[in-house]
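*Asks:* for reference, the sequence and a predicted model appear below.
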Amino acid sequence: LSKDLESLRDLPCETLDGHRMPLWVNTGLQADITRSLEQGAEGVGLYRTEVPFLLRERFPSEEEQRQIYRNQLEAFAPRPVTMRTLDIGGDKALPYFPIEEDNPFLGWRGIRVTLDHPEIFLAQVRAMLKANAGLGNLRIMLPMICSISELDEALELIHRSHREILQEGIDTELPMIGVMVEVPSAVYQARALARRVDFLSVGSNDLTQYLLAVDRNNARVADLYHSMHPAVLSALEMVANAARAEGKKVGICGELAGDPEGAVLLLAMGYDILSMNATSLPKVKQALRSVNMAESQALLQEVLAMEDAGAIHARLESFLADHG
Ligand code: PEP
Ligand code: MG
């Protein structure tokens, strides 16, 4: 089987009836670059910028960040690289920037931290924009957006950084900007969010956690954490429809995208990009190459009418077993 998966690398990710699905990767560590290129990744849907921050003893300077980002952009050019602005807090604390709270996942994390510390945000965005000069494959993505005002504030800071960089004589275009949909409020406001940006990307790891009120890292409730819970699937469909209604692209960069069962449903919902760990890419490609769009859409309708995550999983398992 692993030989089969290897020979898949140079084949396109398309369904039996020719529907293309771009498979992108999630990166963070240096080693992810090689792994991703080996698997034939078409782009980076999530570069977790907090990873290089976590590996240091202090905040990297703007120039250090520029070099780190340049390395990432160059490695994948001309393929697009989606850089998420710093997503610390929750379960990710920087040793040199401790955050202590009773409910960290409901506390000071992601965009909340960087909007309270615009100097951190501005340095990061300036470093990204400078790194993109002469390349043009950068996309910027904002984590944990819960309301329109947060997005507007972040957009203003990005525009300000861009004006500054131009004034400094560096010729660089404003990149595509997107929002992560990973909290329930963003699902309900997906159209208004989509209107303001170039793309949406669902963070199904956090979205599952927040929709089901199940800590994604708590082993005691792990059997309640279902990314194929009917409520999660319904939210995923709402986001795809909202993006489509606004004529914007929608991707997903949570673990569900790297699960062949999830991938078939996301294909049917009309997701434009699936972004996953490099190691998941071959099995997702193999699954999508074994189905066609019409039957996947029929399966989606069937599954959306089901009421139990376990039953949904069983249905998908048997569907894929009939195809593989
Ligand atoms: C997510 O929440 O699904 C996501 C992709 O981001 P992270 O796992 O880094 O929170
Ligand atoms: Mg997340």
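*Replies:* Here it is on my side, so go on. Ligands and ions are numbered 1, 2, ... in the order given.
*Asks:* flag the shaky bits of the chain, pLDDT-wise.
*Replies:* By pLDDT under 70, the low-scoring segments of the chain are 1-3, 5, 324.
*Asks:* would you mind listing what in it touches ligand 1?
*Replies:* Residues of the chain lying close to ligand 1 by C-beta under 6 Å from any ligand atom are 46, 48, 87, 182, 203-206, 253-254. Backbone N, C-alpha and C define where each C-beta goes, glycine included.
*Asks:* closest one of the residues you listed to Ala154?
*Replies:* Checking those against Ala154 with C-beta to C-beta, the nearest one is Asp87 at 12.7 Å.
*Asks:* list the contacts for the closest one?
*Replies:* 48-50, 109-110, 143-144 (C-beta atoms under 8 Å, 6 or more residues apart in numbering).
*Asks:* likewise Tyr225?
*Replies:* Taking C-beta under 8 Å, 6+ apart as the test, what Tyr225 contacts is 208-209, 212, 214, 216.
*Asks:* mind checking which of the residues you listed are in helices?
*Replies:* Judged by DSSP state H, the contacts of Tyr225 include 208-209, 212 as members of helices.
*Asks:* ok, back up a step: neighbour-wise, which one of the contacts of Tyr225 leads?
*Replies:* Thr208 (25 neighbours; other C-beta atoms under 10 Å).
*Asks:* who touches that residue in this structure?
*Replies:* 214, 216, 225-227, 229, 232, 254, 256.
*Asks:* go again using 6 Å as the cut-off
*Replies:* Thr208 makes contact with 227, 232, according to C-beta atoms under 6 Å, 6 or more residues apart in numbering.
*Asks:* alpha carbons of stretch 250-264, as CSV, please.
*Replies:* This file holds the C-alpha atoms of stretch 250-264, laid out as CSV (Å, rounded to 0.1, in the frame of the first residue of the first chain):
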residue,chain,number,x,y,z
VAL,A,250,-13.1,28.8,1.4
GLY,A,251,-10.6,26.3,2.7
ILE,A,252,-10.2,24.2,5.8
CYS,A,253,-6.9,23.7,7.8
GLY,A,254,-8.1,21.6,10.7
GLU,A,255,-7.5,17.9,11.2
LEU,A,256,-10.8,17.0,9.5
ALA,A,257,-9.2,18.0,6.1
GLY,A,258,-6.6,15.2,6.5
ASP,A,259,-9.2,12.6,7.3
PRO,A,260,-10.3,10.8,4.1
GLU,A,261,-13.9,10.6,5.4
GLY,A,262,-13.9,14.3,6.2
ALA,A,263,-12.3,15.1,2.9
VAL,A,264,-15.1,13.5,0.9
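*Asks:* what's in contact with that stretch?
*Replies:* The contact list for stretch 250-264 (C-beta under 6 Å, 6+ apart) reads 26, 45-46, 200-205, 227, 240, 243, 266, 271-277, 280, 283-284, 287-288, 291, 296, 316, 320.
*Asks:* let's see it at 7 Å
*Replies:* 26, 45-46, 199-205, 207, 227-228, 239-240, 243, 266, 271-277, 280, 283-284, 287-288, 291, 296, 299, 313, 316-317, 320 (C-beta atoms under 7 Å, 6 or more residues apart in numbering).
*Asks:* show me which of the residues you listed are buried.
*Replies:* If you count burial by 16 or more other C-beta atoms under 10 Å, the buried members of the contacts of stretch 250-264 come out as 26, 45-46, 199-205, 207, 227-228, 239-240, 243, 266, 271-277, 280, 283-284, 287-288, 291, 296, 299, 313, 316, 320.
*Asks:* so where do the strands sit in the stretch 51-200 of the chain?
*Replies:* In the stretch 51-200 of the chain, the segments counted as strands under DSSP state E, counting those that start in this stretch are 81-84, 138-142, 176-181, 199-202.
*Asks:* can I get the last one in CSV, CA atoms only?
*Replies:* If I follow you right, that is strand 199-202. Extracted in CSV, the C-alpha atoms of strand 199-202 (Å, rounded to 0.1, in the frame of the first residue of the first chain):
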residue,chain,number,x,y,z
PHE,A,199,-10.8,34.0,1.7
LEU,A,200,-12.1,32.1,4.7
SER,A,201,-10.4,29.0,6.3
VAL,A,202,-12.1,26.8,8.8
